[in-house]
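Novice: here you go, sequence then predicted model.
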Amino acid sequence: MRRDLEVPVADGVTLLADHYAPADADRPPAILVRSPYGRRGPFGLMCGQTFASHGFQAVVQSVRGGFGSGGVFEPLDEREDGLATVEWLKAQPWFGGTFAMHGPSYLGYVQWAVAAEAGPELRALSMQVTASTFRDAVNVGGTFALESALIWVDLTARMKHPLSGLTTGIMSPRRARRATLSGRPLAELDSLATGTTQRFFQDLLTQGPDTPFWDKRDFSPTVSEVRAPVNMTGGWYDIFLPWQLKDYAALRAGGHRPYLTIGPWFHADGKMMRDSIGESIRWFRAQLLDDPSGLRPDPVRLYVTGSDEWRDFPDWPVPGMTEERWHLQPDGALSPDPPPESEPASYRYDPAHPTPFLGGPTLLGDTHPQTDQRRLERRRDVLTFTSAELADDLEIIGPVSADLYVRSDREHTDFVVRLCDVAPDGASLNLCEGMRRLVPGTPEADGDGVRRVAVELWPAGHRFRAGHRVRVQVCSGAYPRVARNPGTGEPIGTATRMVTADQEIFHAPGRPSAIVLPVMPG
């Protein structure tokens, strides 16, 4: 092992990297890991020592601005430094001619930043809980992913020194939660959490998804051009899963056959992190050492919650799945039958007392991925639509969406849809959710002021057991997972005036609101 190797990049900054090599191999393939979270501690152990003990060289580098690397950390701006690091790697006397890249989250994003331009020496990518762009994950459904953004800027603002990783994973979510409960405008929350203004957080508040800010940080247009085989690991409760699956689809459309594993994990799930190392080693042996003995026959492996079993498939979306519309019904019912003539259901949303987020896709911290929703469902600003008890098992695997007919007295408002499994004892466990922010004219209203709203939920793989019930929640907030909508159309960072929204959800033959489930054959 050699520490603190100097890697020069284009603007004169020097980045530091540690190099691990097996003692009994002559220039074996290298695994490159680029991290903003330090290159020692858990990353040095899991990536450096583990890969070297399995016959690979490993280079674990700190990106600019932290842990000894020069310059100032520029979040998501990783293409130039990444390509310079690749060229440096190829020029080393110990480089054997081929390399791969590995890592979760940001460590996966930096792979996409260079993958299309890294040259033929790049033979494999293995990435977990990540995507080629974070543009839509930050602005999910047009909302703002407040809690994850605030946790991450606090985390990276403090992770500058070797011991910082021991506390930030615990304290950053707590500091973020305290800031979101302060009642202060969003533009002040970074200072409340971290002690000073964070430029990246301010950029996220002011630079919308269609601004040039995101163009140099979005590598989704080049995904189909990547030639190195890709191994992807995701979690049903990961904040990036929908966009990771878009990357999978882009690779398939480009004629590639990536491997995909989705487990019952959230973003920073320790079990997922541990399991992914073994999966990566098998992938690297197949692609770099011509040893495919560890690969499974089918490229897609999914954990089906509710049945608690792993299943293998040839592709995603999985063959045999059919989309079924389960319609919202009067009196809070839910069924595949068309709804009868009925008056809409209604509720009032007050952004001064926003509907909370109890469980679901999460970055870190105190929120559990699955939580009994009954406390939330007792609120007057949450509608529930529940099926009769199922006579047989119902299994869903694939994309989930909602098709709502809504009317609001506010042109600026949000809708949140959540799918739950209700057990015989009444416990209502969330499975997946999605949200959509409405602005004037998008979508257009009809002559009665009714808008048809498409909501993309997280994908799901779940079996509803016989005797259970299917439930759909509809509300207008999930705070602090996403920022509250003040209802005024003011910029989200500085808005202080809050106005209530009176919401109507239609369930009638001409306006059949529904959730669309990816149902597997019995």
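Specialist: Happy to help now that I have it. Numbers count the residues shown, from 1 in each chain.

Novice: mind jotting down where the helices sit in this protein?
Specialist: Taking DSSP state H as the criterion, the chain carries its helices at 41-43, 50-53, 79-91, 106-115, 135-138, 146-158, 165-180, 189-194, 199-206, 212-215, 241-253, 270-288, 374-377.

Novice: got the angle for the fourth one vs helix 241-253?
Specialist: Just to be clear, that refers to helix 106-115. Helix 106-115 and helix 241-253 meet at an angle of 30 degrees, taking axes from the mean of the first three to the mean of the last three CA atoms, to 10 degrees as the criterion.

Novice: angle of helix 106-115 against helix 79-91?
Specialist: Orientation check (the same axes, to 10 degrees): helix 106-115 against helix 79-91 gives 80 degrees.

Novice: distance from the chain centre to helix 106-115, please.
Specialist: Centroid separation between helix 106-115 and its chain, computed with CA atoms, centre = their mean, to the nearest Å, is 15 Å.

Novice: can you pull out the residues in contact with stretch 222-229?
Specialist: 100, 112, 115-118, 120, 122-125, 132, 247, 250-251, 253-254, 256-259, 283, 287 (CB atoms under 8 Å, 6 or more residues apart in numbering). Just so you know, the C-beta spots here come from the backbone N, C-alpha and C atoms, and that holds for glycine as well.

Novice: typo on my end, stretch 116-126
Specialist: 29, 79, 83, 86, 90, 97-103, 111, 115, 219, 222-223, 225-231, 233, 276, 279-280, 283-284, 287-288.

Novice: in PyMOL, select just the buried ones from the residues you listed.
Specialist: Typed into PyMOL, the line below selects the buried ones among the contacts of stretch 116-126, using 16 or more other CB atoms under 10 Å:
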select buried, resi 29+79+83+86+98+99+100+101+102+103+111+115+219+222+223+226+228+229+230+231+233+276+279+280+283+284+287+288
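
Novice: in stretch 311-321, what's buried?
Specialist: Arg311, Phe313, Trp316, Pro317, Val318, Met321.

Novice: repeat for stretch 480-494
Specialist: For stretch 480-494, burial by neighbour count (16+ other CB under 10 Å) applies to Pro480, Arg481, Val482, Ala483, Arg484, Asn485, Pro486, Gly487, Ile492, Gly493.

Novice: repeat that for stretch 73-85.
Specialist: Buried-residue list, stretch 73-85, by 16+ other CB under 10 Å: Phe73, Pro75, Leu76, Glu78, Arg79, Glu80, Asp81, Gly82, Leu83, Ala84, Thr85.

Novice: how close does the residue lying closest to the fifth one once chain neighbours are set aside sit to Asp238?
Specialist: Counting by CB to CB, 6 or more residues apart in numbering, Arg79 lies nearest to Ala113, which is 4.7 Å off, once chain neighbours are set aside. Distance, Ala113 to Asp238, by CB to CB, to the nearest Å: 20 Å.

Novice: and if you look at Gly522?
Specialist: 29 Å.

Novice: from the buried residues of stretch 311-321, which single one is nearest Leu181?
Specialist: Distance to Leu181 across the buried residues of stretch 311-321 (CB to CB) is lowest for Trp316, with 38.4 Å.

Novice: for the closest one, give me its contacts.
Specialist: Leu245, Tyr248, Ala249, Leu260, Val300, Gly398.

Novice: same check on Val453?
Specialist: Ala402, Asp403, Leu404, Tyr405, Val406, Phe415, Arg436, Leu438, Pro443.

Novice: repeat the analysis, applying 6 Å as the threshold.
Specialist: Neighbour list for Val453: Leu404, Val406, Phe415, Arg436 [criterion: CB atoms under 6 Å, 6 or more residues apart in numbering].

Novice: next: Pro486.
Specialist: Pro351, Ala495, Met498.

Novice: ranking those residues by neighbours, who comes first?
Specialist: Highest neighbour count within these: Pro351, with 24 neighbours (other CB atoms under 10 Å).

Novice: how much distance is there from stretch 326-334 to the middle of the chain?
Specialist: 30 Å.

Novice: please save the CA atoms from it in CSV.
Specialist: What follows is stretch 326-334 as a C-alpha-only set of coordinates in CSV (Å, rounded to 0.1, in the frame of the first residue of the first chain):
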residue,chain,number,x,y,z
TRP,A,326,-57.3,0.4,-9.5
HIS,A,327,-59.9,3.2,-9.3
LEU,A,328,-60.4,5.5,-6.3
GLN,A,329,-64.1,5.0,-5.3
PRO,A,330,-66.6,7.0,-3.2
ASP,A,331,-66.5,6.5,0.6
GLY,A,332,-62.7,5.8,0.6
ALA,A,333,-63.0,2.5,-1.4
LEU,A,334,-60.5,1.2,-4.0
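
Novice: name the nearest residue to Ile505, sequence neighbours excluded.
Specialist: Ala345 (4.8 Å).

Novice: pretty sure that neighbour is touching Phe506, no?
Specialist: No - in this structure, Ala345 is not within contact of Phe506 by CB atoms under 6 Å, at 8.3 Å.

Novice: now the helix or strand of the chain with the lowest mean pLDDT: buried residues?
Specialist: Lowest on mean pLDDT, DSSP states H and E among the helices and strands of the chain sits helix 41-43, with a mean of 77. With burial defined by 16+ other CB under 10 Å, the residues of helix 41-43 counted as buried are Phe43.

Novice: any idea where the strands of the stretch 201-350 of the chain begin and end?
Specialist: 230-237, 259-266, 300-304, 309-313, 322-328, 334-335, 345-349 (DSSP state E, counting those that start in this stretch).
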